[in-house]
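1. Build the 3D model from these lines:
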Amino acid sequence: MKLKYMWNAFLFISAFSLVSCGEEFDFLRNATPATNGARIKIFHAAPDVPGVVASINDKVVSGVLTTVGDPRLVTYGSLFPIIDYAVIPSGTAKLKITVPATATTGEVNLTTDLNLADNTYYTVHAFGIAGKYDFLVSQDDLSIPDPEKTYIRFLSALTDSPATGIQFLVNNVVNTEFTGRSTGKENFQAFDQPGSTRFTIVIREKGKTVALSTLSNLNLVRGKKYTIVARGSSSATLAAQKPLIGLVSNN
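-> Next comes the predicted model:
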């Protein structure tokens, strides 16, 4: 009984530390498995901002595993935390993404209230461009119905899509289409992966044959779940802001 009491006390202290410590803290202390709490990742998909600062309940949480520059910044196209999910108390939480000031623009703070359930996994995508920033929240079902299959989910966090929409192709076959951004309710799809089969993923404008972005020869693992995310802007003139697809391993 004493051991059980001490373990419960440890869990309470771990959860409480998110809202009671200083302005910045080590988020990975909350990223270990727990019996309570919601799991969350933050993905920076706004192509005109090199890096953002993430806060939950007005506490800066980003900064762990950043090796260069400002240690608080989540760089464009990156996740926080990079590995696993962070654990925070369930219920309503205020997420704030801060776009730092530049020589010509002021600081911008984007906020949204998240309603987070116990033992549920979420990814929050911050996307858009100046004046049009927004959030896309996806609920990540990490269950594996068949360990012999590979699971892939397709999301679009493009700032703007071509008028006709975009298509995701898997090994040269059209799989998923979007006319706008994702709703966050897209499901993981099960794929057979016999032998040494590898995956090539392409996004292209619907009705066109030229690829906007390609991930080639992906060696994905059976029994795992992955998210393919489209980010950037179809109207961008800068190469770094053009549409790209990236791979996220969810489990």
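2. Tell me the spacing between T159 and T120.
-> Between T159 and T120 the distance is 28 Å, computed by C-beta to C-beta, to the nearest Å. All C-beta spots, glycine's among them, are computed from the backbone N, C-alpha and C.
3. for the stretch 1-150 of the chain, what spans make up the helices?
-> According to DSSP state H, counting those that start in this stretch, the stretch 1-150 of the chain carries its helices in the segments 2-20.
4. So for T159 and T120, which residue has more residues nearby?
-> Counting neighbours by other C-beta atoms under 10 Å for T159 and for T120 shows that T159 has the greater number, 23 against 15.
5. Once you drop chain neighbours, what's closest to the more buried one?
-> Spatial nearest neighbour of T159, excluding adjacent residues (C-beta to C-beta, 6 or more residues apart in numbering): S233 at 4.2 Å.
6. Let's verify the one you found: helix, strand, or coil?
-> Following DSSP: H, G, I helix; E, B strand; the rest coil, the label given to S233 is coil.
7. OK, contacts around it?
-> Remark: with contacts taken as C-beta atoms under 8 Å, 6 or more residues apart in numbering, S233 is in contact with P47, I129, L158, T159, D160, Q241, K242, P243.
8. Tell me which of those residues has the lowest pLDDT.
-> By predicted confidence (pLDDT), the lowest-ranked of these is I129, with 82.
9. For that one, what are phi and psi?
-> Backbone torsions of I129, given as degrees, to the nearest 10, read phi -130, psi 170.
10. cool, and A239?
-> Backbone geometry at A239, expressed as degrees, to the nearest 10, gives phi -60, psi -40.
11. Per-residue pLDDT of it, please?
-> A239 carries a pLDDT value of 88.
12. How many residues are close by it?
-> Count around A239 with other C-beta under 10 Å applied: 7.
13. Tell me the spacing between the residue at minimal distance from the centre of the chain and G207.
-> Among the residues of the chain, the one closest to the centroid is F43, at 3.6 Å (C-alpha atoms, centre = their mean). Counting by C-beta to C-beta, the separation of F43 from G207 is 28 Å.
14. Verify the stated contact: Y122 with S138.
-> Yes. Using C-beta atoms under 8 Å, Y122 is in contact with S138, at 6.8 Å.
15. Which of those two has more residues huddled nearby?
-> Taking neighbours as other C-beta under 10 Å, Y122 and S138 compare with S138 leading, 23 against 20.
16. isn't that one right next to L155, touching?
-> Yes. With contact defined as C-beta under 8 Å, S138 reaches L155; the gap is 6.5 Å.
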